[in-house]
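Q: Only the shape, not the letters, is given here:
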């Protein structure tokens, strides 16, 4: 994948759910892992390669690693913005990276990475089908040029 | 089902998870619905008709209703005891009832009921296979006689 | 509360999260309880009496009961619409009612009710502060007249 | 902290909850983050420095980082064993490390690390109170000698 393509970002806004908070009064750290998932699902929809079609093709992007760094707390009442990038695309692996910011003032709350391998329905490692690789890459290109047009306006 | 069989109880102890609390400082009400599920799974294991075998037979007990009444709060640090009964067993339906108590002093925290219909793998309503009905009933009988022996000691 | 006020509805759309599904391939029944909460939080924001201000006043609407009836399954890839009504408003109690529909075609997936009592920060039952009662009622009136204007257009 | 102390392990067995599975038919990766929390809570109880007392002292061990590597899937019906170690203990920071194994046959399912800083009730970074540091260290020593006695038998 062209290195520049990882600059293709998709932003997803989520209202913090009361159920996501904990007795420290802030959002539980586990919620961010679910938010990352919302972020990559939204990235794939925006790139016109929705995850539902990956699943329909008999494949899954199984999560092999999660890395998260927490900077500041989110609270009930906040809307958070998940900014997602596709940062690796190999024949059998994908990696997405995330920033979680407060939608109101862009305060950085957390960053994260999720690593995935392609598996078939029996859970065995598999090559990512060619049409999926291609559409992910084409999607990133399309997102990136839309951003550039946007940023010169 | 013999009415007495609904007196066959199985108790499951769960340590409250910090992730289950919310910003009110107590356990979020949604956690109880998951605890009920833990309770009925444990009931079925104790009755020697584990849910994994229901699933393996190509059936599911889809949830059609949940009713919960909350009396007192559970907190991080508490262990809760889920006391489960099978309160209805029909050809296509089952119902479980629950009490959630503080394990320490038996304070009643909540009561609840879950209603289920049997469905096949396509989600269509189905008769509960005869072997499942039988083993649930036999399990209840066995649990009940074990309780009676226990209570006379 | 004027009976008509319970016709004031607020609709909230939520993309089903993959984390909300279970091994039956559909959304876990526990997720709906969290969706109801999202619905009433959105209702209160729309009514200009956001829950964050209830909390800031030193009160909580503790959940005392949840009743849910499930009709059809939601799946990953679906967007669900939570349609919320305030169906009871007493000096110490509130009740919200919910419909969960598929956003795409309005298929009814579930209905539900949540019952609440007002508590103070120590968890003791309390009167709902007058300004909160008033703003909830005014909010319902405002929502209702906006709907009526909308429906005649 | 004496390097050997990180060999003090506490094992916690958890029955997989149906609610923890997802539409891939296996446990959702987010559940492991909650299991790690169960593991460290159990470690602290076993070390006689329960987290409830940290909270009662007006402090929290806020999570600053989570790193997880997934090796194999857990399924409904499995019992998982969380094996927890305290792998760093500084004046302001603690780190726990985890292995998640199938209880039945010790298959390694995942490994992970959680990084924490001590914060006060306002969320500001703080020194870990001396009595907490001491009891964590003494707890690790006690756990370690119990293990050694155990392993020579």
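A: Everything's here; your move. This is a predicted model, so every value here is computed, not measured.

Q: So which bits of the lengthiest helix in chain A are buried?
A: In chain A, assigned by DSSP state H, the helix with the most residues is helix A:130-152. For helix A:130-152, a neighbour-count test (16 or more other C-beta atoms under 10 Å in any protein chain shown) marks A:132, A:133, A:135, A:136, A:137, A:139, A:140, A:141, A:143, A:144 as buried. In short, each C-beta sits where N, CA and C put it, glycine included.

Q: Of those residues, which pair is most distant in space?
A: Using C-beta to C-beta, those reach their maximum pairwise distance at A:132 and A:144, which is 18.6 Å.

Q: Now do the most centrally placed residue in chain A, the pLDDT please.
A: Nearest residue to the geometric centre of chain A (C-alpha atoms, centre = their mean): residue A:40, 2.6 Å. Per-residue pLDDT puts residue A:40 at 98.

Q: Then the one 10 residues further on?
A: On pLDDT, residue A:50 comes in at 98.

Q: Skip the chain neighbours and tell me the closest residue to it.
A: Leaving aside its sequence neighbours, residue A:50 sits nearest to residue A:44 (C-beta to C-beta, 6 or more residues apart in numbering or on different chains; 5.5 Å).

Q: The one you found belongs to a helix, doesn't it?
A: Yes. Under DSSP: H, G, I helix; E, B strand; the rest coil, residue A:44 sits within a helix.

Q: ranges for the strands of chain A?
A: Ranges of strands in chain A, per DSSP state E, are A:9-15, A:59-70, A:79-89, A:93-102, A:108-120.

Q: Contact residues of chain A facing chain B?
A: A:18, A:19, A:21, A:22, A:23, A:25, A:26, A:28, A:30, A:75, A:76 (C-beta under 8 Å from any C-beta of the partner chain).

Q: Now these in a markdown table, please, with extra columns for distance to residue B:105.
A: A markdown table is the format used below for these (distance: C-beta to C-beta, whole Å):
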| residue | distance to residue B:105 |
| --- | --- |
| A:18 | 28 |
| A:19 | 27 |
| A:21 | 28 |
| A:22 | 25 |
| A:23 | 21 |
| A:25 | 27 |
| A:26 | 31 |
| A:28 | 28 |
| A:30 | 30 |
| A:75 | 33 |
| A:76 | 31 |
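
Q: For chain D, tell me which of those residues show up nearby.
A: A:23, A:26, A:30.

Q: In chain A, where is pLDDT below threshold?
A: Scanning chain A for pLDDT under 70 picks out A:1-2, A:151-153.

Q: Please repeat the previous calculation with a cut-off of 80.
A: A:1-3, A:150-153 (pLDDT under 80).

Q: Can you name the residues of chain A that neighbour chain D?
A: Checking chain A against chain D by C-beta under 8 Å from any C-beta, the hits are A:23-24, A:26, A:29-30, A:33-34, A:37, A:55, A:60, A:62-70, A:73, A:123.

Q: one more time with 7 Å
A: Residues of chain A lying close to chain D by C-beta under 7 Å from any C-beta of the partner chain are A:24, A:29-30, A:33-34, A:60, A:63-70, A:73, A:123.

Q: Up against chain C, what does chain A have?
A: By C-beta under 7 Å from any C-beta, the part of chain A that sits against chain C consists of A:17, A:18, A:19, A:34, A:37, A:38, A:41, A:52, A:76, A:77.

Q: Assess the claim that the first one and residue C:34 are in contact.
A: Yes. Taking C-beta atoms under 7 Å as the definition, residue A:17 is a contact partner of residue C:34 at 6.2 Å.

Q: give me phi/psi at the residue of chain A positioned farthest from its centre?
A: Relative to the centre of chain A, the most outlying C-alpha is that of residue A:23, 27.5 Å out, by C-alpha atoms, centre = their mean. Dihedral pair for residue A:23: phi -70, psi 0, per degrees, to the nearest 10.

Q: give me every residue that touches the nearest residue to it once chain neighbours are set aside.
A: Using C-beta to C-beta, 6+ apart and skipping the chain neighbours, the partner closest in space to residue A:23 is residue B:21 (3.8 Å). By C-beta atoms under 7 Å, 6 or more residues apart in numbering or on different chains, the contact set of residue B:21 is A:22, A:23, B:27, B:28, B:76.

Q: which of the residues you listed sit farthest apart?
A: B:28 and B:76 (11.4 Å).

Q: If you count surrounding residues, which of these two has more?
A: residue B:28 (25 against 20; other C-beta atoms under 10 Å in any protein chain shown).

Q: wait, what's in contact with the closest residue to that one other than its chain neighbours?
A: With sequence-adjacent residues excluded and distances taken as C-beta to C-beta, 6+ apart, residue B:28 is closest to residue B:22, at 4.2 Å. By C-beta under 7 Å, 6+ apart, the contact set of residue B:22 is A:18, A:19, A:21, A:22, B:28.

Q: Export those as TSV, with columns for distance to residue B:108.
A: Below are these laid out as TSV (distance: C-beta to C-beta, whole Å):
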residue	distance to residue B:108
A:18	24
A:19	23
A:21	26
A:22	24
B:28	18
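
Q: Can you tell me which of those comes closest to chain C?
A: Distance to chain C, by C-beta to the nearest C-beta, is smallest for residue A:19 among the contacts of residue B:22, at 4.6 Å.

Q: Quick check: chain neighbours aside, which residue is closest to that closest one?
A: residue C:34 (4.6 Å).

Q: What count of nearby residues applies to that neighbour?
A: 21.

Q: distance of it from residue C:12?
A: Noted for residue C:34: a distance of 12 Å to residue C:12, by C-beta to C-beta, to the nearest Å.

Q: show me the contacts for residue A:63.
A: Neighbour list for residue A:63: A:114, A:116, D:29, D:70 [criterion: C-beta under 7 Å, 6+ apart].

Q: correct me, but the last one touches residue D:111?
A: Meaning residue D:70. No. If you go by C-beta under 7 Å, residue D:70 and residue D:111 don't touch, sitting 8.7 Å apart.

Q: Residue A:31 touches residue A:20, doesn't it?
A: Yes. Residue A:31 lies in contact with residue A:20 (C-beta under 7 Å); the separation is 4.2 Å.

Q: Contact partners for the residue lying closest to residue A:110 once chain neighbours are set aside?
A: Once flanking residues are discounted, residue A:110 sits nearest to residue A:100: 4.4 Å by C-beta to C-beta, 6+ apart. Neighbouring residues of residue A:100 by C-beta under 7 Å, 6+ apart: A:32, A:35, A:80, A:82, A:109, A:110.
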